[in-house]
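Novice: Predicted model and sequence follow; I will ask about them next.
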Amino acid sequence: MIFLRGVGLSKIKVAIAGVGNCASSLVQGVFYYKHITERDSLVPGLMHNVFGGYKISDIKFVAAFDVDKRKVGKDLSEAIFQKPNCTKVFQKKIPKLNVEVKKGPVLDGVADHMKDYPEDRSFRVDEKQKVVDVVKELKESGADVLINYMPVGAEEATKYYATCALEAGCAFINCMPVFIASDFAWEKKFREKNLPVVGDDIASQIGATITHKALTKLFSDRGVKIDRTYQLNTGGNTDFLNMLERSRLKSKKISKTEAVQHMLNERLDDQNIHIGPSDYVPWQNDNKVCFIRIEGRKFGDVPVILDLRLSVEDSPNSAGVVIDAIRAAKLALDRGVGGALISASAYFMKHPPMHYSPEIAKQMVEEFIKGKRER
């Protein structure tokens with residue numbers, strides 16, 4: 001059966017859980033490119049200006065949740081520029097959105113050690129601010145899609161918002177490395193509710209993991225026997241500050257490591273592959289610096305070594321990918337497709353339910369846009 005392209009086209013009503021740097025870049029991007037049509041030059045970072053009939057300007061923000069006292073109570077258009085957010089401002093003029101940032105439950109969303117850092121670098125919670133009923137807010141706002149931007153290590157908080165999406169009848173985009181779409185039990189819940197889920201752990205446009213994957217596959221495809229590899233990252237945003245607590249990194253390391261392992265013809269032993277955040281450097285702000293090393297053997301067992309340094313502004317690097325994920329989720333809602341979106345997850349995420357090479361995953365998304373069934 002072929003679905004009609006663009007059936008049920010309307011505004012895509014989006015809710016955000018976590019109004020940090022990534023949310024700031026997403027909101028800025030929607031207004032930066034609000035006039036873009038199919039006839040304009042392709043927007044850097046998007047698959048298509050118009051994705052399955054949906055323009056960038058079709059995205060409408062209707063609800064937002066955070067725990068920081070400087071954001072709660074403010075309009076989303078103001079909250080995205082509040083401390084400790086430190087990403088680049090590339091769209092200064094954001095109209096008032098009439099979306100008040102409401103306080104969600106803190107749960108495990110704030111690491112204890114962050115309280116020891118200056119206020120402009122870390123989260124600050126006001127216990128007097130009332131926690132809202134998130135499900136009620138989602139229903140009343142009419143949200144189609146809920147985006148999870150919880151901090152790394154926020155397992156409980158991510159599962160809470162996934163449950164809220166299920167109860168409110170929203171599609172769920174899990175940008176964080178807590179396994180929802182790639183966990184059978186959680187995926188089944190979305191499939192049974194006939195709600196789409198895209199996850200897990202957003203893969204940036206040109207980030208550390210997608211670059212590492214591409215290089216690993218190049219080595220493998222060219223017949224190089226990879227002996228060992230590492231990926232180290234430094235940054236100065238709250239994400240890197242949060243990750244100083246190593247106990248919060250378990251799922252993050254799994255997500256990034258498995259993304260690379262799946263590009264190999266033969267898995268590396270654990271001691272020969274190290275992928276994970278390295279350190280917090282405050283003055284880097286939202287700039288992320290990645291160091292990748294691959295050591296291998298080519299013909300005649302002659303050594304070949306690659307060392308790479310990549311510097312990117314972290315949050316804008318993911319915003320375009322999320323815009324495409326939003327539009328894929330809405331297409332699935334329009335078509336009555338529930339459960340994990342295999343194609344979108346494989347192309348947009350680090351830890352999807354099923355791994356494919358980037359070129360195959362991209363073709364799968366193109367076929368999904370045209371109406372091919374996911375299953």
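Specialist: Everything's here; your move.
Novice: Surely Ile180 is within a helix?
Specialist: No: using DSSP: H, G, I helix; E, B strand; the rest coil, the assignment for Ile180 is coil, not a helix.
Novice: Now do the contacts for it.
Specialist: Going by Cβ atoms under 8 Å, 6 or more residues apart in numbering, Ile180 touches Thr158, Lys159, Ala162, Phe172, Asn174, Trp186, Glu187, Val197, Gly199, Asp200. Where you see a C-beta, it was placed from the backbone N, CA and C, and this is true even at glycine.
Novice: how about the residues you listed, which pair is most distant?
Specialist: Across the contacts of Ile180, the longest distance by Cβ to Cβ is 14.2 Å; it joins Thr158 and Glu187.
Novice: Which of these two has more residues huddled nearby?
Specialist: Comparing Thr158 with Glu187 by other Cβ atoms under 10 Å, the one with more neighbours is Thr158, at 31 against 20.
Novice: Go ahead and list the helix or strand containing the more buried one.
Specialist: Remark: Thr158 resides in helix 155-168, with elements defined by DSSP states H and E.
Novice: Would you tell me what the next helix or strand after that helix is?
Specialist: Next along from helix 155-168, by DSSP H and E: strand 171-174.
Novice: Just give me how far that next one sits from the chain centre.
Specialist: Using Cα atoms, centre = their mean, to the nearest Å, the mean C-alpha position of strand 171-174 is found 10 Å from that of the whole chain.
Novice: can you confirm Val321 is in a helix?
Specialist: Yes: Val321: assigned to a helix according to three-state DSSP.
Novice: Neighbours of it, how many?
Specialist: 23.
Novice: if we can go back for a sec, send over the helix holding Thr158 as PDB, restricted to the C-alpha atoms.
Specialist: Presented in PDB, the C-alpha positions along helix 155-168 are these (Å, rounded to 0.1, in the frame of the first residue of the first chain):
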ATOM      1  CA  GLU A 155      17.400   7.800  33.000                       C
ATOM      2  CA  GLU A 156      14.500   8.400  35.300                       C
ATOM      3  CA  ALA A 157      13.600  11.700  33.800                       C
ATOM      4  CA  THR A 158      13.700  10.400  30.200                       C
ATOM      5  CA  LYS A 159      11.500   7.500  31.100                       C
ATOM      6  CA  TYR A 160       9.100   9.900  32.800                       C
ATOM      7  CA  TYR A 161       8.700  12.000  29.700                       C
ATOM      8  CA  ALA A 162       8.400   8.900  27.500                       C
ATOM      9  CA  THR A 163       5.500   7.800  29.700                       C
ATOM     10  CA  CYS A 164       4.000  11.300  29.500                       C
ATOM     11  CA  ALA A 165       4.100  11.100  25.700                       C
ATOM     12  CA  LEU A 166       2.400   7.700  25.700                       C
ATOM     13  CA  GLU A 167      -0.400   9.000  28.100                       C
ATOM     14  CA  ALA A 168      -0.900  12.200  26.200                       C
END
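Novice: tell me what it is packed against?
Specialist: Under the contact definition 3 or more Cβ pairs under 8 Å, 6 or more residues apart in numbering; DSSP states H and E, helix 155-168 sits against helix 134-141, strand 145-148, strand 171-174, helix 184-192.
Novice: got the angle for it vs helix 184-192?
Specialist: Interaxial angle, helix 155-168 versus helix 184-192 (axes from the mean of the first three to the mean of the last three Cα atoms, to 10 degrees): 20 degrees.
Novice: list the buried ones in helix 155-168?
Specialist: Across helix 155-168, burial judged by 16 or more other Cβ atoms under 10 Å covers Glu155, Ala157, Thr158, Lys159, Tyr160, Tyr161, Ala162, Cys164, Ala165, Leu166, Ala168.
Novice: Which residue ranges of the protein form helices?
Specialist: With DSSP state H, the ranges of helices along the chain come out as 21-32, 76-79, 134-141, 155-168, 184-192, 208-221, 238-242, 250-261, 316-335, 342-348, 358-370.
Novice: Can I get those helices in TSV including distance to Val302?
Specialist: Converted to TSV, these look like this (distance: least, Cβ to Cβ, whole Å):
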stretch	distance to Val302
helix 21-32	43
helix 76-79	56
helix 134-141	58
helix 155-168	45
helix 184-192	44
helix 208-221	14
helix 238-242	38
helix 250-261	23
helix 316-335	35
helix 342-348	35
helix 358-370	28
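Novice: And for stretch 291-303, what's in contact with it?
Specialist: 208, 211-212, 215-216, 219, 223-233, 278, 304-310.
Novice: Over to stretch 354-372?
Specialist: By Cβ under 8 Å, 6+ apart, stretch 354-372 touches 2-5, 47-48, 51-52, 210, 213-214, 217, 258-259, 262-263, 324, 328, 331, 335, 341-347, 374.
Novice: picking up where we left off before, averaged over its residues, what pLDDT does the helix holding Thr158 have?
Specialist: Average pLDDT, helix 155-168: 98.
Novice: Report the angle between that helix and helix 134-141.
Specialist: Using the same axes, to 10 degrees: helix 155-168 against helix 134-141 is 40 degrees.
Novice: Give the burial count for Arg39, as a bare number.
Specialist: By other Cβ under 10 Å, neighbour count at Arg39 equals 7.
Novice: Lys93 now?
Specialist: 8.
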